[in-house]
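Q: build me a model:
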Amino acid sequence: MSADFEPLADDPKHALIASAAIDVFSARGFSRTSMAHIAEQAGMSRPALYQHFQNKGDIFACAFAALVEQRADRALAALEEPGTVAEQRDAFLQNFDGAFWERTAASPYGEELLSATSEYAPKAVGIEMKRIRLGLKKYLRRAGAGQRSAADRARRNGWIDILEFAPRGFKLDRPNLPAYRLRLTALAQSIASDIEENRS
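A: Numbers count the residues shown, from 1 in each chain. All right, here's what the predicted structure looks like:
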């Protein structure tokens, strides 16, 4: 991947290619996918594809960035929906982590794609995780949680850390999708209970 590659989210051709690439990578894995496969799925020639991307690593970065952005949008929107803190937290986790695990579990190449993400799309993941953390901070401030003192702010940051990192550990034993989603719900309820107890 070129070091200065920046996917153009608002470029309609990039969006079309990213959508096609997600399907191809899911079906074939990263190593078995070629530029020709992606071009065919996108309904264009390989030379036309090369006018937009240098290689499949660049395409993977763009496709994954689009996917993460979409999931982050849905997760953050879930925090604005009516409901209890537990319901909002659960909807947030289900729309972000649950949706990713569902897509990963559906592909026979899920592990390979996660590895490719670390290599080709760390910047995209980092940008969206910063946005997620900022959205969670705003949500917790509106909910009246963790604003009174430095200790309260530290507690709030701890909740955000748990919401970000705990779902990764929930996957270590490769649970089926219903079991993983139940774990996310239990996490949401636990954090919500602590938030309710510590509201200002």
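Q: ok, Gly158 to Ile191 distance?
A: 10 Å (Cβ to Cβ, to the nearest Å). Where you see a C-beta, it was placed from the backbone N, CA and C, and this is true even at glycine.
Q: of the two, who's got more company?
A: A side-by-side neighbour count of Gly158 and Ile191, using other Cβ atoms under 10 Å, places Ile191 first with 23 against 13.
Q: mind checking which helix or strand the more buried one is in?
A: helix 177-197 (DSSP states H and E).
Q: now do the buried residues in that helix.
A: Neighbour counts over helix 177-197 (16 or more other Cβ atoms under 10 Å) mark 180-181, 183-185, 187-189, 191-192, 195 as buried.
Q: ranges for the helices of the chain?
A: Using DSSP state H, the helices of the chain run over 12-28, 35-42, 46-50, 56-78, 85-93, 99-106, 110-120, 122-142, 150-169, 177-197.
Q: mind putting those into a markdown table with mean pLDDT?
A: Listed next are those as a markdown table, based on pLDDT from 0 to 100:
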| stretch | mean pLDDT |
| --- | --- |
| helix 12-28 | 92 |
| helix 35-42 | 96 |
| helix 46-50 | 94 |
| helix 56-78 | 92 |
| helix 85-93 | 95 |
| helix 99-106 | 89 |
| helix 110-120 | 89 |
| helix 122-142 | 90 |
| helix 150-169 | 90 |
| helix 177-197 | 93 |
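Q: ok, and what's touching stretch 87-100?
A: The set of residues external to stretch 87-100 that reach it, using Cβ atoms under 8 Å, 6 or more residues apart in numbering, is 71-72, 74-79, 81, 83, 132, 136, 139, 163, 167, 170, 177, 180-181, 184-185, 187-189, 191-192.
Q: apologies, that question was intended for stretch 16-36.
A: Here stretch 16-36 has contacts from 7, 37-38, 41-44, 46, 49-50, 52-53, 55-56, 59-60, 62-63, 65-67, 103, 106-109, 112-113, 115-116, using Cβ under 8 Å, 6+ apart.
Q: could you list the buried residues of that stretch?
A: 17-18, 20-22, 24-26, 28-30, 33, 35.
Q: of all pairs in those residues, which one is the farthest apart?
A: Farthest-apart pair in the buried residues of stretch 16-36 is Ile17 and Gly29; separation 18.0 Å (Cβ to Cβ).
Q: now do the helix holding Ile191 and helix 99-106, the angle between them.
A: 160 degrees (axes from the mean of the first three to the mean of the last three Cα atoms, to 10 degrees).
Q: what does stretch 67-81 contact?
A: Outside stretch 67-81, the residues within contact range by Cβ under 8 Å, 6+ apart are 9, 18, 22, 87-88, 91-96, 99-100, 103, 121, 124-125, 128, 131-132, 135-136, 139.
Q: ok, now stretch 107-123?
A: Contacts of stretch 107-123 (Cβ under 8 Å, 6+ apart): 1, 25-32, 57-58, 60-61, 64-65, 68, 104, 125.
Q: give me that answer again for 10 Å
A: With Cβ atoms under 10 Å, 6 or more residues apart in numbering as the test, stretch 107-123 has contacts from 1, 5-7, 22, 25-33, 55-65, 67-68, 100-101, 103-104, 124-125, 127-128, 171, 174.
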